[in-house]
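Participant: Dropping the sequence and predicted coords here.
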Amino acid sequence: MQQIKLNRNYKDRLFRLAFQEKKDLLDLYNAVSGRQYTNPDDLIITTLADAIYLGMKNDISFLVSDVLNLYEHQSSFNPNMPVRGLNYFADTYREYIDRNGFDIYGEKLIRLPMPQYIVFYNGTKEEPDRIELRLSDAFLCQNPEEKGCLECRATMININYGHNKELMDRCRRLKDYAVFVSRIRNNEKRGMALDEAVKQAVHSCIEEGILADILKKNRVEVCNLILYEYDEQRQLAIAREGAMKAGREEGRIEGRMEGRIEGRIEGRTAGREEGRAAEQVTIIRNMAGKGLDPSAIADMLGLEEGYVKKVLYLLAEETGRTDLEIAGILLEQRQEG
């Protein structure tokens with residue numbers, strides 16, 4: 001049976017590992033879409049080689065008939081998924097057009113596969129069974145009489161055990177995945193250390209035939225993968241909370257100091273603006289210090305990736321300057337631009 005080729009420069013999330021076989025991925029597609037495809041060769045993998053989030057692959061992109069599907073796994077709620085989907089589909093369509101030799105400047109209409117974007121959520125925060133996230137919700141203009149020319153919808157499906165029972169019943173693999181994750185969490189709640197919780201869940205699932213093929217063959221890899229994922233989630237939460245707290249504190253202090261020093265309305269306004277910018281610089285600095293890349297930082301803070309990279313460049317080049325001074329440089333550049 002043909003497998004999805006994996007790039008070993010990154011670690012694969014367990015979700016991708018569970019659906020690495022075309023047959024299992026097709027079963028998942030049928031369960032989600034309501035289709036009844038039976039030939040795994042009808043499925044063509046289109047996953048981009050460089051689509052990496054926080055060092056681990058968490059997306060699966062594939063073609064079935066005339067539908068381009070993007071399946072992404074998330075362990076935390078992210079309202080910016082439609083923006084990510086827009087970028088991903090743009091890159092995927094570009095590859096599709098280049099690979100087929102289509103001429104986008106010609107007079108003939110190019111036929112493209114229809115996009116579908118599904119986000120499988122299994123975070124610990126309670127969420128409904130299904131949510132539709134829209135790119136248009138992020139638009140600054142929210143006038144109902146005005147409609148933008150772009151839209152991207154992401155359907156977020158809660159795959160925690162106990163949610164979407166009908167979907168789970170249609171796809172045994174997905175249900176097994178939900179049961180396995182649930183057992184790890186329940187073991188932790190009973191007081192087990194994470195490594196012991198994972199080992200016990202692996203053992204019991206193998207005994208009961210739950211994801212047994214993967215767990216038997218890749219027992220050590222799966223244990224290490226789960227530990228990596230959980231550590232990543234915790235570090236991400238710690239980085240977000242700590243960085244924002246530190247950034248707000250430093251930004252407020254330095255902003256107030258700057259405002260008092262100026263002693264004029266203009267100075268106070270500039271001080272507050274620089275204070276807010278300094279807060280942002282501090283948050284970015286702390287997140288980068290936790291090992292997060294510019295793309296991840298931009299996603300979490302709702303910033304342009306180019307701006308985050310500019311901040312990190314200045315932090316690296318202007319090592320003797322405070323975050324407030326870096327903020328001043330950024331504001332000057334913005335005014336000059």
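Facilitator: The structure has been received and is ready for your questions.

Participant: which residues touch stretch 306-315?
Facilitator: 280-281, 284-285, 288, 294, 297-298, 301, 321, 326, 329-330, 333 (CB atoms under 8 Å, 6 or more residues apart in numbering). Backbone N, C-alpha and C define where each C-beta goes, glycine included.

Participant: Buried ones from the residues you listed, can you make that a ChimeraX selection?
Facilitator: In ChimeraX, a selection of the buried entries from those looks like this (16 or more other CB atoms under 10 Å):
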select :280,281,284,285,288,294,297,298,301,326,329,330
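
Participant: Turn the contacts of stretch 306-315 into JSON lines, columns for secondary structure.
Facilitator: JSON lines is the format used below for those (DSSP: H, G, I helix; E, B strand; the rest coil):
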{"residue": "280", "secondary structure": "helix"}
{"residue": "281", "secondary structure": "helix"}
{"residue": "284", "secondary structure": "helix"}
{"residue": "285", "secondary structure": "helix"}
{"residue": "288", "secondary structure": "helix"}
{"residue": "294", "secondary structure": "helix"}
{"residue": "297", "secondary structure": "helix"}
{"residue": "298", "secondary structure": "helix"}
{"residue": "301", "secondary structure": "helix"}
{"residue": "321", "secondary structure": "coil"}
{"residue": "326", "secondary structure": "helix"}
{"residue": "329", "secondary structure": "helix"}
{"residue": "330", "secondary structure": "helix"}
{"residue": "333", "secondary structure": "helix"}
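
Participant: any low-confidence regions in this structure?
Facilitator: Counting by pLDDT under 70, the chain shows low-confidence ranges at 1-12, 48-59, 230-272, 290, 300, 337.

Participant: ok, which stretches of it are strands?
Facilitator: Applying DSSP state E to the chain gives strands spanning 11-12, 43-45, 56-57, 59-64, 67-74, 114-121, 130-134, 153-158.

Participant: Just put those strands in a markdown table and tack on distance to residue 204 and mean neighbour count.
Facilitator: Output for the strands of the chain, formatted as a markdown table (distance: least, CB to CB, whole Å; neighbours: other CB atoms under 10 Å):
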| stretch | distance to residue 204 | mean neighbour count |
| --- | --- | --- |
| strand 11-12 | 23 | 19 |
| strand 43-45 | 32 | 16 |
| strand 56-57 | 25 | 20 |
| strand 59-64 | 27 | 20 |
| strand 67-74 | 23 | 21 |
| strand 114-121 | 23 | 20 |
| strand 130-134 | 30 | 15 |
| strand 153-158 | 24 | 20 |
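
Participant: What is the nearest of the contacts of stretch 306-315 to residue 87?
Facilitator: residue 298 (11.2 Å; CB to CB).

Participant: Is that closest one in contact with residue 288, as I believe?
Facilitator: No. Judged on CB atoms under 8 Å, residue 298 makes no contact with residue 288 at a distance of 11.4 Å.

Participant: shared neighbours of those two, which are they?
Facilitator: What both residue 298 and residue 288 touch, as defined by CB under 8 Å, 6+ apart, is an empty set.

Participant: Quick check: can you list the domain ranges of the protein?
Facilitator: Domain assignment for the chain by automatic domain parsing gives 1-139+146-170, 174-217, 233-336.

Participant: would CSV of the ones you listed with distance to residue 227 be doable?
Facilitator: Shown next, in CSV, are the domains of the chain (distance: least, CB to CB, whole Å):
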stretch, distance to residue 227
domain 1-139+146-170, 11
domain 174-217, 6
domain 233-336, 11
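
Participant: nearest to residue 223, of the ones you listed?
Facilitator: So among those, domain 174-217 is nearest, using CB to CB, at 5.3 Å.

Participant: gap between the two ends of the closest one?
Facilitator: 19 Å (CA to CA, to the nearest Å).

Participant: and the two most separated of the contacts of stretch 306-315?
Facilitator: For the contacts of stretch 306-315, the maximum inter-member distance is 22.2 Å, found between 298 and 321 (CB to CB).

Participant: Pull the number of nearby residues for the closest residue in space to residue 136 that isn't next to it in sequence.
Facilitator: With CB to CB, 6 or more residues apart in numbering as the criterion, residue 136 has its nearest non-adjacent residue at 5.6 Å, and that residue is residue 151. Neighbourhood size, residue 151 [other CB atoms under 10 Å]: 12.
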